[in-house]
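*Asks:* here is a sequence together with a model predicted from it:
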Amino acid sequence: MNSATDSHSAAAPDGVADSVIRQASRIIVKVGSSLVTNEGRGLDHAAIARWAAQISTLRTLGKEVVLVSSGAIAEGMLRLGFTARPTDIHELQACAAVGQMGLAQIYETSFRSHGVKTAQVLLTHADLADRERYLNARSTLTTLLRLHVVPIINENDTVVTDEIKFGDNDTLGALVANLIEADALVILTDQKGLYSADPRKDPSARLIARAQAGDDALEAMAGGAGSSIGRGGMLTKVLAARRAARSGAHTVIAWGREDNALVRLAHGEAIGTALTAPTARLTARRQWMVDHLHTAGELVLDAGAVQKLAREGKSLLPIGVSAVRGEFRRGALVGCVDADGREIARGLVNYTSAEVKRIMRHPSSEIEGILGYVEAPELVHRDNLVLL
Ligand SMILES: Nc1ncnc2c1ncn2[C@@H]1O[C@H](COP(=O)(O)OP(=O)(O)O)[C@@H](O)[C@H]1O
Ligand SMILES: N[C@@H](CCC(=O)OP(=O)(O)O)C(=O)O
C-alpha cells in the first residue's frame with residue numbers, strides 16, 4: 001500500500017470493486033448506530049431522509065434493497081433520559097423497545113414521501129438457528145421484496161440476552177445477506193471505509209480501497225472496539241464481509257454521510273472499501289449450518305480425521321473422534337474441532353452425545369456390537385458436513 005487509496009496486497013482485480021454494487025440486483029444496506037443517532041444526539045432526521053431518498057432511487061434502478069438499521073438503544077436512551085448506556089439488561093431492553101418506535105416512525109415517514117412502503121422485521125439469533133423459522137423469515141423477506149416493500153430490520157433486542165445476541169448489526173446484516181442470497185452488503189458507518197489502522201488513534205492510517213473478503217490481514221487492521229455508540233467497531237464489519245462472502249455477496253464499507261453514496265455506488269463509482277467475495281456460493285443448507293453462531297456440541301477429531309475431512313472431503317467416522325463436548329440429540333448441528341480446539345467443520349450428527357461417547361475411537365463395524373443397532377456407519381455424513 002503506497003498511497004491513501006491503494007489497494008491491499010490481496011486485492012480483487014481492478015474493475016471488480018467498481019462493479020460490485022452496479023451489478024448487484026439484491027442489496028443489504030446496513031446503517032450503524034453512531035450514524036443514525038448522530039453520535040448519540042438523537043435520530044438524525046436529515047441523514048435518514050437522505051438514505052431513504054437514495055434507496056428509493058436504487059429501486060427505480062431495478063435493485064431490491066433491504067435496510068438493516070441500528071439505533072434503537074441509543075435513541076431509547078435519549079428518550080428515557082439515560083446519559084450513559086445502562087448496564088442492566090432489562091433497562092437496555094426497555095431502551096430498545098422505546099427507541100425502535102422512533103426508528104420505525106421516521107423510516108416510514110421518510111420512505112413514504114417517495115411513495116415507498118416499508119415493513120419492520122425484528123429478528124433474533126434463534127429465528128435464524130431454527131430451520132423452519134429461518135425458511136419462514138426468508139419467505140417473508142422475499143415476499144416483501146416482490147411486493148416492492150423495503151424491509152427494515154433490527155435485532156429484536158427486547159427478547160434476547162447478551163449470550164444469545166448478534167450484538168452488532170454488522171453480523172445481522174451478513175446473516176440477512178446469506179438468508180436471502182443478496183449480491184452485496186453495503187455497511188454505512190462513521191468512517192470513509194476500512195483503514196490500515198483505527199483512524200481515531202492513528203492519523204497516518206490509510207484507506208483500503210479494495211481487498212478480498214476473508215483476508216486475515218484485514219482483521220489485524222480492524223482490531224478493537226468502535227465508537228462509544230456503536231457496538232462492533234471495524235472488526236465486526238470485516239468479519240461480516242467474510243461471512244457474507246460465503247454466500248457470494250460482496251461487501252462495501254462506506255461513509256454514511258458521503259454525498260449520494262448509494263446511488264454513486266450503483267452507477268459504478270468506487271467509494272469506500274470494497275471487500276470482494278472470492279468464494280463460490282455454498283448450497284442453502286450448508287449456508288444455514290455455517291450461519292449458526294452456536295453449535296449444540298463439539299466432536300474433537302484426531303489428526304487422521306482432520307486430514308480425511310479437510311483434505312479428502314470424506315465423512316466423519318467414529319474412529320476419528322477422541323472426545324465429545326456438550327449434550328446433543330441425533331440430527332443436532334455440531335462443530336468438528338482439531339486438537340487445538342479450532343473448528344474445522346460442522347455438520348449434522350447421526351448419534352446422540354451419549355452414543356458418540358460409547359462408539360468413538362471404534363471402527364464403524366463395531367457400532368452394532370456396542371449399541372445394539374446401527375443408525376449409520378458415519379457420525380457425520382459428508383453430505384451433511386461443511387468445511388470452515
Ligand atoms: N481499521 C479501521 N478503519 C476504520 N475504522 C476503524 C478501524 N479500526 C477501528 N475502527 C473504528 O470503528 C469505528 C466504527 O465502528 P462502530 O462505531 O461500531 O460503527 P457503527 O455504529 O457504524 O457500526 C470507527 O469510528 C473507528 O474508530
Ligand atoms: N440492535 C441495536 C444495534 C446494535 C449496534 O449498535 O450495532 P452497530 O450499529 O453494528 O454497532 C440497536 O438498535 O440499538
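*Replies:* Arrived safely, thanks for sending. Everything quoted here is computed from the prediction, not taken from an experiment. Ligands and ions are numbered 1, 2, ... in the order given.
*Asks:* show me the contacts for V98.
*Replies:* Residues near V98 by C-beta atoms under 8 Å, 6 or more residues apart in numbering: E75, G76, R79, L80. For every residue, glycine as well, the C-beta is placed using N, CA and C.
*Asks:* mind checking which of those residues are buried?
*Replies:* Burial by neighbour count, judged by 16 or more other C-beta atoms under 10 Å, picks out E75, G76 from the contacts of V98.
*Asks:* and which of the contacts of V98 is nearest H148?
*Replies:* Using C-beta to C-beta, E75 is the member of the contacts of V98 that lies nearest H148, at 27.4 Å.
*Asks:* what phi and what psi does the backbone show at the closest one?
*Replies:* phi -70, psi -40 (degrees, to the nearest 10).
*Asks:* is it true that it touches G99?
*Replies:* Yes - with contacts counted by C-beta atoms under 8 Å, E75 reaches G99, the gap being 3.5 Å.
*Asks:* what helix or strand is A104 on?
*Replies:* Assessed by DSSP states H and E, A104 sits inside helix 89-112.
*Asks:* so what sits against both of E75 and G99?
*Replies:* Contacts common to E75 and G99, judged by C-beta under 8 Å, 6+ apart, are absent.
*Asks:* domains for the protein, by residue range?
*Replies:* 16-287, 295-387 (automatic domain parsing).
*Asks:* dump those to CSV, plus mean pLDDT and distance to ligand 1.
*Replies:* Shown next, in CSV, are the domains of the chain (pLDDT from 0 to 100; distance: least, C-beta to the nearest ligand atom, whole Å):
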stretch, mean pLDDT, distance to ligand 1
domain 16-287, 91, 2
domain 295-387, 95, 25
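*Asks:* which of these sits most buried?
*Replies:* The highest mean neighbour count among the domains of the chain, using mean count of other C-beta atoms under 10 Å, belongs to domain 16-287: a mean of 20.
*Asks:* thinking again about what came up before, next helix or strand past the helix holding A104?
*Replies:* strand 117-123.
*Asks:* that next one - contacts with which helices or strands?
*Replies:* Packing partners of strand 117-123 (3 or more C-beta pairs under 8 Å, 6 or more residues apart in numbering; DSSP states H and E): helix 89-112, helix 131-146, strand 149-155.
*Asks:* so which of those comes closest to ligand 2?
*Replies:* strand 149-155 (4.1 Å; C-beta to the nearest ligand atom).
*Asks:* hey, C-alpha coordinates of the closest one in CSV?
*Replies:* Taking C-alpha atoms only, strand 149-155 is exported to CSV below (Å, rounded to 0.1, in the frame of the first residue of the first chain):
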residue,chain,number,x,y,z
VAL,A,149,-41.6,-3.1,0.1
VAL,A,150,-38.3,-2.0,1.7
PRO,A,151,-37.9,-4.3,4.8
ILE,A,152,-36.3,-2.5,7.7
ILE,A,153,-34.5,-5.0,10.0
ASN,A,154,-33.1,-4.7,13.5
GLU,A,155,-32.3,-7.2,16.2
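*Asks:* residue ranges of the strands in the protein, please?
*Replies:* Remark: strands assigned in the chain by DSSP state E are 26-31, 64-69, 117-123, 149-155, 184-189, 210-212, 250-255, 273-276, 297-301, 321-325, 333-337, 343-348, 385-387.
*Asks:* reformat the ones you listed as a markdown table; add distance to ligand 2.
*Replies:* Converted to a markdown table, those look like this (distance: least, C-beta to the nearest ligand atom, whole Å):
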| stretch | distance to ligand 2 |
| --- | --- |
| strand 26-31 | 7 |
| strand 64-69 | 7 |
| strand 117-123 | 9 |
| strand 149-155 | 4 |
| strand 184-189 | 8 |
| strand 210-212 | 20 |
| strand 250-255 | 12 |
| strand 273-276 | 16 |
| strand 297-301 | 28 |
| strand 321-325 | 30 |
| strand 333-337 | 25 |
| strand 343-348 | 24 |
| strand 385-387 | 26 |
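*Asks:* who does the closest residue to L144 other than its chain neighbours form a beta bridge with?
*Replies:* Spatially, and ignoring its direct neighbours in sequence, L144 is nearest to P151 (4.8 Å; C-beta to C-beta, 6 or more residues apart in numbering). Listed beta-bridge partners, P151: A119 (assigned using DSSP bridges).
*Asks:* kindly reformat the helices and strands packed on strand 117-123 as TSV containing distance to I344.
*Replies:* Output for the helices and strands packed on strand 117-123, formatted as TSV (distance: least, C-beta to C-beta, whole Å):
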stretch	distance to I344
helix 89-112	34
helix 131-146	23
strand 149-155	29
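*Asks:* out of these, flag the one nearest P363.
*Replies:* By C-beta to C-beta (comparing all of the helices and strands packed on strand 117-123), the closest turns out to be helix 131-146, at 32.0 Å.
*Asks:* what residues does that closest one touch?
*Replies:* Contacts of helix 131-146 (C-beta under 8 Å, 6+ apart): 26, 64, 66, 119, 121, 123, 126-128, 151, 176, 179-180, 288.
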